[in-house]
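>>> Here is the input, now give the coordinates:
(one chain, ligands or ions: 1)
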Amino acid sequence: MPVCSAPGKIILFGEHAVVFGKPALALAIDMRITSSVSMSSDFAVNGHRMNKKYHSYISSALDEAWGGPPISVETSSKIPSGSGLGSSAAVTVSCVGAMLAAKDEFDPEAIARKSFEVEFRVQGAASPTDTSVSSHGRGVIVSPEKMEGFLWTIEKGGRAWHVHDCEVPDLTFVVGYTGVHASTGPLVAKVRRLVESDPDARAAMERIGTIVMEGAEALVAADKARIGRLMDENHQLLNGLGVGLGLLDALVSAAREHSYGAKLTGAGGGGSMIALTDSPDKVAAAIRHAGGTPFELRVGCEGVRVEKEGCPASRPARGGRKDKSVRGRQHGGE
Ligand code: PMV
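Numbering: from 1, shown residues only. Coordinates of the predicted model:
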């Protein structure tokens, strides 16, 4: 039976605002989750009987993409759960990929669509950003308008997100992981309440939308100074939306000394920050000193793929600590 792997992601610009119809820009990273499926007498995950509560993403992926006899799912992750690096999307995309491959229906667009349905159901609200970039790889721009590089449109609840391919130059990011697990669903709900009641929050959403488009231009031009300035501004706006955290700010400030720019990435409230830099070792040391766990990342990596040999494709981060494999862990998601 097939083995598939899928990458995690960083959101360079536009998290939270994308849930409300603004654009976002996300990059696939060189940390992957590998999943395999095999015939079994009962539905099981990593050797445990399947439990809809503890295996919410995987059991929902089964409903969405399988519909066949009992199977056992095995996952192996290099992405810390709850880190804001897209572990819930990568586990969903790799499982859906393995299930579709088992039916000879492997197709990144179909995987992206089904995986979005899974994330939406489990989290209660989601944009297709994480699941699309994990399926497609490289980089994606999600936007309310169709642009060059169009891949697919995903619709839900009266909203349409157009997903586009984005070429990614050779850039070095260092992640600072706070070690604080934060669930995406409640943070999205918190931002929704703020946006509904506060005109300043709505103005922040608008500005984040324009930052994304300016950031996309800067990315194409590999203009690191401009990307960095926009990251700094995006971080401030996210803090204003109430998804910041003292430790995230401390890591961002520490990293900025040797970076073009830095911001939280993903849902916030914990999770991780990212810094764009030419001095990854210095940034990693500053993050460690400020109380975070650094990982150096390559971006623009391949999307979901069938692994011929069935082993994970991640490699240790240069200059950073190799994150421990969490094989056998139950993925509650982010
Ligand atoms: O922290 P993550 O990987 O769950 O990223 C969430 C990104 C949000 O924009 C906050 C939600 C979404 O579905 O786009």
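
>>> in which helix or strand would I find residue 214?
helix 199-220 (DSSP states H and E).

>>> Up against the ligand, what does the chain have?
11, 15-16, 18-19, 84, 86, 126-127, 129-130, 184, 188, 266-267, 271, 334 (C-beta under 6 Å from any ligand atom). No exception for glycine: its C-beta is placed from N, CA and C like everyone else's.

>>> Compute the number of surrounding residues for whichever residue of the chain sits closest to the ligand.
Residue of the chain nearest the ligand, by C-beta to the nearest ligand atom: residue 266 (2.7 Å). In terms of burial, residue 266 registers 30 neighbours under the definition other C-beta atoms under 10 Å.

>>> Now do the contacts for it.
By C-beta atoms under 8 Å, 6 or more residues apart in numbering, the residues touching residue 266 are 10, 11, 15, 83, 84, 85, 86, 184, 272, 334.

>>> again, only using 7 Å
11, 15, 84, 85, 272 (C-beta atoms under 7 Å, 6 or more residues apart in numbering).

>>> And residue 203, how far from residue 240?
Separation of residue 203 from residue 240 (C-beta to C-beta, to the nearest Å) stands at 9 Å.

>>> neighbour count winner among those two?
The residue with more neighbours, out of residue 203 and residue 240, is residue 240; 16 against 12, by other C-beta under 10 Å.

>>> tell me the contacts of the more buried one?
Residue 240 makes contacts with residue 204, as judged by C-beta under 7 Å, 6+ apart.

>>> which residues sit against the worst-scoring helix or strand of the chain on mean pLDDT?
The helix or strand of the chain with the lowest confidence, counting by mean pLDDT, DSSP states H and E, is helix 184-197 at a mean of 93. Identification of contacts with helix 184-197 by C-beta under 7 Å, 6+ apart yields 16, 19-20, 123-125, 201-202, 205, 241-243, 267-269, 334.

>>> Between those residues, which sits nearest residue 65?
Distance ranking of these against residue 65, using C-beta to C-beta, places residue 123 first at 17.5 Å.

>>> quick one: contacts for that closest one?
For residue 123, the contact set (C-beta under 7 Å, 6+ apart) comprises 184, 185.

>>> Which ones among the residues of the chain next to the ligand map onto strands?
residue 11 (DSSP state E).

>>> returning to that earlier point: return the set of buried residues in whichever helix or strand comes after the helix holding residue 214.
Beyond helix 199-220 in the direction of the C-terminus, DSSP H and E gives the next helix or strand as helix 224-240. Applying a neighbour-count criterion of 16 or more other C-beta atoms under 10 Å, one finds 224, 226-235, 237-240 buried in helix 224-240.
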